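Asks: fold the following for me, if possible:
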Amino acid sequence: MRAADRTPVVERVAALTERLAVLLGAGVPPSSAWRYLDEMQGHGSPQDPIAPVVAAAALAAQDGVDVPAALVAAAPAGPDGHAWRSVAAAWSVAVSTGARLGPCLAQLARSQRDVGQTQRDIDAALAGPRSTSKLVMTLPGVGLLFGAVLGFDTLGTLFTTVPGLVCLALGVVLAVLAWRWSARMVRLATPTTTAPGLEIDLLAIALSSGASFDRARGAVDDALDSCELALSGVGDVARRRPRNRARPSDSVQRESVLIENVLALSRAAGIPAAELLVSEADGVRRNARSEAQRTAAALGTRLMLPLGICILPAFMLVGVAPLILSVLSSTVSGFG
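Replies: Below you'll find the model as predicted:
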């Protein structure tokens, strides 16, 4: 069970999306497909974060209510919810353009698995620095116990004397500083999206139905907006974006340029743009994965800074200084 709990949620969403794609591709009605998945999730853990979202989608499909809206409403906040909103956006685009749901969801599941593997790579790169930090954090306690075994009152020195209390306060401050510093570094290195290339994938889904570009573009824009996903600012989207919406990131702007270039190539060569867009989306995900791996590798080295600057001095203050003070106190008392 613990190994399963460490599986990235986006991978679990991808597995469920693949099952849904297979059921729909085999001709199972959406309401029945969601019901089967809901029954399967019902046999899992009560704390399973996937089950409530599946249950909400199954109920919406059974009642004939908008399934994407139900997914968005039931999705949790943060990156895990982003994975569900991506499923809702793909479903919405397929329904509004008449594209086949099965292939659309299978394509999205492949994208989600790539993102899940990226998260695994980042966790693997950070495993060493995290383990080292945890080990060093235990050293002050080891130092105090070692002094007590040798017969010195290290605990009394640390908690009942002015020098000991000063060392304890400084050690705690350094430990908290190291924890906050490390957490901030990890947060900045973590990818901010669980679906790189999502907009390109959605446009490919819409165009695969044979819809015109204007209709496909409109369907994608509406899906991104209704599913609370970031808009790119391509074409009419930039004119419809509310003034208080944040400006698109550099990665989103690059995706917009890719879309325009692919569409220009498609028009010039007289070939369908859908397959070209799928290829470009795969490239975006590969680039995002490589960038995340490089960032994680660099982070593994940078995490040594809080260790050397804060944790080791904290160990000296809390684990070593009380022992030295106890030795000095015993020596002075012995001479007295």
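
Asks: give me the pLDDT value at R240.
Replies: For R240, the model assigns a pLDDT of 36.

Asks: which regions of the stretch 151-300 of the chain sit below the pLDDT cut-off?
Replies: Within the stretch 151-300 of the chain, the segments meeting pLDDT under 70 span 191-194, 230-252.

Asks: can we see that at 90?
Replies: Scanning the stretch 151-300 of the chain for pLDDT under 90 picks out 151-164, 167-168, 171-172, 175-176, 178-214, 216-217, 221, 224-300.

Asks: show me where it has strands.
Replies: Using DSSP state E, counting those that start in this stretch, the stretch 151-300 of the chain contains no strands.

Asks: count of neighbours near E18?
Replies: As a burial measure, E18 scores 17 neighbours (other CB atoms under 10 Å). For glycine as for every other residue, the C-beta is placed from the backbone atoms N, C-alpha and C.

Asks: how about S290?
Replies: 12.

Asks: and what of S212?
Replies: Neighbour count of S212, defined by other CB under 10 Å: 11.

Asks: give me phi/psi at it?
Replies: Torsion angles at S212 (phi, psi; degrees, to the nearest 10) stand at phi -70, psi 160.

Asks: and for P29?
Replies: P29 adopts backbone torsions of phi -60, psi 150, taken as degrees, to the nearest 10.

Asks: roughly how far does it sit from A223?
Replies: Distance check for P29 against A223: by CB to CB, to the nearest Å, it reads 22 Å.

Asks: how near is the residue sitting nearest the centre point of the chain to P8?
Replies: The C-alpha lying nearest the average C-alpha coordinate of the chain belongs to P79 (CA atoms, centre = their mean; 4.9 Å). According to CB to CB, P79 stands 9 Å off from P8.

Asks: sorry, back to before: who has more neighbours, P29 and A223?
Replies: Per other CB under 10 Å, whichever of P29 and A223 has more neighbours is A223, with 27 against 11.

Asks: surely that one touches L202?
Replies: Yes. Under the criterion of CB atoms under 8 Å, A223 makes contact with L202 at 6.3 Å.

Asks: now do the phi/psi pair for P49.
Replies: In terms of degrees, to the nearest 10, the main-chain angles of P49 are phi -70, psi -10.

Asks: related to what we said a few turns ago, quick check: neighbours shared by A223 and L202?
Replies: The contact sets of A223 and L202 overlap at A89, A90, V93 (CB atoms under 8 Å, 6 or more residues apart in numbering).

Asks: what mean pLDDT does the helix or strand harbouring P140 get?
Replies: P140 is part of helix 139-149, with elements assigned from DSSP states H and E. In this model, helix 139-149 has an average pLDDT of 77.

Asks: report all helices and strands that that helix contacts.
Replies: Other helices and strands packing on helix 139-149, by 3 or more CB pairs under 8 Å, 6 or more residues apart in numbering; DSSP states H and E, are helix 154-160, helix 312-315, helix 321-335.
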